[in-house]
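Trainee: Let's see this in three dimensions:
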Amino acid sequence: MTNRVDGIDLSKSLGHDESEKRILAAQRRLMQLRLFTAGLLPPADVGPGLLVLFEGFDAAGKGGAIRRLTASLDPRHVRVVPIGPPTPEETRHPFLWRFQSFIPGRGGMTVYDRSWYGRLLVERVDGLIDAATVKRSAAEIVEFEEMLVDNDVTIVKFWLHISDHEQLARFNDRASDPLKQWKLTPDDWANREKRPAYLQALRDMVDATDHAHAHWDLIAAEDKHYARVGVLESLSDRWVHDLERRGITVPAAQGSDYLG
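Mentor: Numbers count the residues shown, from 1 in each chain. Reported below is the predicted structural model:
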């Protein structure tokens, strides 16, 4: 049986004009959904919190996708949390401890730029945890996400996928641009050499943690125009589906005159 990761079609692309048109429409829909779940549109009931996770290879376009996701939202209505290596204090606690203060409550929204899945990717590949800990951690993540969903949190998870060739091209572009060089670190170059190990860790991660309550959306990100549309439209679809399965009547998408 082919793993979902190996089935990602990186040839998918979208023209600039079509991409921008669909991004604008998706942004307006996301604004509407955000105001609706915040209780700022009729019937003025606060809805479940929304938690969006982004993972992907370095230079896969997570930052650009997040910028377009949040562009139409009032900054008071969304919190973007960049996740780096755990601090010494955080390593003295269970690995999920450091994420819990950012979990959105009812009516809230949080976007994680990387997440607790670093446990199953970076920590595994770098040999910081053993195989038994990887397996146990995956089970803990599934239980943690199920607990959140059962307590009024909608979870949407994105993996942005690019080829080794495209990643190298983007690295070289960053290295040659003074305004992008800060994005490229020695760790990024070192991680490129570990791509086979990361791919296997990714396959295992998706197999272990892709469940109905917290499904993985694997986005082909070789073409940025395609990827950004894929993220925004998938988020809207997942969000609406989760609200409706909870018995919430979601308003139909409205035009630009309604949303301003």
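
Trainee: Pretty sure D188 sits against Q167.
Mentor: No - D188 lies out of contact with Q167 (C-beta atoms under 8 Å); the separation is 9.1 Å. Every residue, glycine included, has its C-beta placed from N, CA and C.

Trainee: residues bridging contact with the two, i.e. touching both?
Mentor: Counting by C-beta atoms under 8 Å, 6 or more residues apart in numbering, the common neighbours of D188 and Q167 are D58, A59.

Trainee: who's more crowded, the two?
Mentor: Using other C-beta atoms under 10 Å as the criterion, D188 and Q167 rank with Q167 on top: 19 against 15.

Trainee: dump the residue contacts of the more buried one.
Mentor: F57, D58, A59, A60, R192.

Trainee: and it, backbone torsions?
Mentor: Here is the backbone geometry of Q167 (degrees, to the nearest 10): phi -60, psi -40.

Trainee: Mind checking what secondary structure V81 has?
Mentor: What DSSP: H, G, I helix; E, B strand; the rest coil gives for V81 is strand.

Trainee: residues of the one helix or strand S137 maps to that come out buried?
Mentor: Per DSSP states H and E, S137 falls inside helix 131-150. Under the neighbour-count criterion of 16 or more other C-beta atoms under 10 Å, helix 131-150 has T133, V134, S137, A138, E140, I141, V142, F144, E145, L148, V149 buried.

Trainee: The nearest residue to K135 once chain neighbours are set aside - how many residues pack around it?
Mentor: With sequence-adjacent residues excluded and distances taken as C-beta to C-beta, 6 or more residues apart in numbering, K135 is closest to A208, at 7.9 Å. A208: 16 surrounding residues under other C-beta under 10 Å.

Trainee: Surely A208 forms part of a strand?
Mentor: No - per three-state DSSP, A208 lies outside any strand segment and is helix.

Trainee: Isn't it up against E143?
Mentor: No - using C-beta under 8 Å, A208 is not in contact with E143; the gap is 11.8 Å.

Trainee: quick one on the thing from earlier: any idea of the angle the very next helix or strand once past the helix holding S137 forms with helix 131-150?
Mentor: The first helix or strand that comes after helix 131-150 along the chain, using DSSP H and E, is strand 153-161. Here strand 153-161 points in a direction 130 degrees away from that of helix 131-150 (axes from the mean of the first three to the mean of the last three C-alpha atoms, to 10 degrees).

Trainee: Tell me which residue is most central in the chain.
Mentor: Against the mean C-alpha coordinate of the chain, by C-alpha atoms, centre = their mean, the closest residue is F54 at 2.2 Å.

Trainee: show me the contacts for it.
Mentor: Contacts of F54 by C-beta under 8 Å, 6+ apart are K62, A65, I66, V111, Y112, D113, R114, S115, F158, L160.
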